[in-house]
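Student: quick one, structure for this:
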Amino acid sequence: MLNRRQIAEFHRNGFLNGGPVLDDAGIQELRDELQRVLDTGPEGFPEEGPRPVLFHNMVREREPERCVWQIVNIWEVSDAYRRLIHHPLIVEAISQLTGAEELLVWHDQIQYKPPGHGGVTSWHQDAPLWPIIRPMTPVSAWVALDDATVENGCMWMTPGSHRWGNQIEFLRTQAHLKQAGDFGQIEGFSPPDDAETSVVEPRPWPVQAGEVSFHHSLTWHGSPFNHSQTPRRAIAMHYMTGESRFVASGQHVMKAFVDLPDGGPMNQAGEHFPSVMRNGKMAALAG
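Tutor: Next up is the predicted model:
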């Protein structure tokens, strides 16, 4: 459970290190499961059976010599990751940070930067990239499976940016920032006059293996190249509150799995969006 100081820090900065949630055995189990899925490959899962929703190199087109493996909903093909999305410390913290007593999984997302040629995840905000749900998914949990360091391409965060509104179009102008040495040099933006944080001061956000980092869905974040000889494996788990509704006009890879009319409650969207908390109590493990 988070304390009041931690909750205040999250609301002030838009991100928080929640501390360790996995022991060495748990970390290794998830690494092994990730390797099993990578070895199976995008075409190795049966068409009619459980399979990840998305499995690709997300930077191949713009950086053909680089790689960031993105796997969406690895929990659907791995019991270890299925247990992780229900992790009681993580779910309880999400409830504390959102004030919600009903929580569902929006989706999970592996991002694996291999050693030596791990690519860039450009500066962005999450919520604008998820236009099929409203209100926005508020808080994500990011669990490191390796020590995420400046050298191997850890995330960078911009304190207070979650209070600056939707700035995704501006952030797209910063795609030239790719190296750890210049990744924080965001230029050309002035925070709103009434913002509590009035300066743009990005900073690296190292996270040790087994720790969970929480971030708001409007917090500016991204990560530079991994030039090191160590991998940077991690999973982000994105959660929805019980208030979430379907927006039929939007587009997203998860839209194909939503069986709802426009405006329908996402807690009735189906098995691809499992409940993890109901009425303030942990929900039973899916499947």
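Student: relative to Glu151, how far out is the residue lying closest to Glu63 once chain neighbours are set aside?
Tutor: In space, and not counting its chain neighbours, Glu63 is closest to Gly119: 4.9 Å by C-beta to C-beta, 6 or more residues apart in numbering. In this view, the C-beta of every residue, glycine as well, is placed from N, C-alpha and C. Separation of Gly119 from Glu151 (C-beta to C-beta, to the nearest Å): 15 Å.
Student: which one of those two has more residues nearby?
Tutor: Legend: neighbour count by other C-beta atoms under 10 Å for Gly119 and Glu151, higher for Gly119 (26 against 15).
Student: do a quick rundown of the strands in the stretch 101-250 of the chain.
Tutor: Applying DSSP state E, counting those that start in this stretch to the stretch 101-250 of the chain gives strands spanning 103-113, 121-124, 133-134, 139-144, 156-157, 203-204, 211-216, 221-223, 232-241, 245-246.
Student: what separates the third one from the chain centre, distance-wise?
Tutor: Going back to what we said before, that points to strand 133-134. Going by C-alpha atoms, centre = their mean, to the nearest Å, the spacing between the C-alpha centre of strand 133-134 and its chain's C-alpha centre is 16 Å.
Student: now for that strand, which elements pack on it?
Tutor: Judged by 3 or more C-beta pairs under 8 Å, 6 or more residues apart in numbering; DSSP states H and E, strand 133-134 is in contact with strand 245-246.
Student: remind me what the helix or strand following the strand it packs on packs against, helices and strands.
Tutor: Sequence-wise, the next helix or strand downstream of strand 245-246 (DSSP states H and E) is strand 275-278. Where contact means 3+ C-beta pairs under 8 Å, 6+ apart, strand 275-278 is packed against helix 88-98, strand 103-113.
Student: check what contacts stretch 46-63 and list those residues.
Tutor: With contact meaning C-beta atoms under 8 Å, 6 or more residues apart in numbering, stretch 46-63 is reached by 37, 41-42, 45, 66-74, 76-77, 107, 111, 119-121, 253-254, 257, 272.
Student: tell me where the model's unsure across the stretch 151-287 of the chain.
Tutor: Along the stretch 151-287 of the chain, the model assigns pLDDT under 70 to residues 286-287.
Student: who's in contact with the most centrally placed residue in the chain?
Tutor: Nearest to the geometric centre of the chain sits Ala236, at 3.3 Å (C-alpha atoms, centre = their mean). For Ala236, the contact set (C-beta under 8 Å, 6+ apart) comprises 108-109, 111, 140-143.
Student: for it, name its beta-bridge partners.
Tutor: Gln109, Trp142 (DSSP bridges).
Student: that one and Pro191, how far apart?
Tutor: From Ala236 over to Pro191 the distance is 25 Å, taken as C-beta to C-beta.
Student: mind listing what Arg66 touches?
Tutor: Counting by C-beta under 8 Å, 6+ apart, Arg66 makes contact with 59-60, 117-120, 225.
Student: give me that answer again for 7 Å
Tutor: Contacts for Arg66 (C-beta atoms under 7 Å, 6 or more residues apart in numbering) come out as 59, 117-119.
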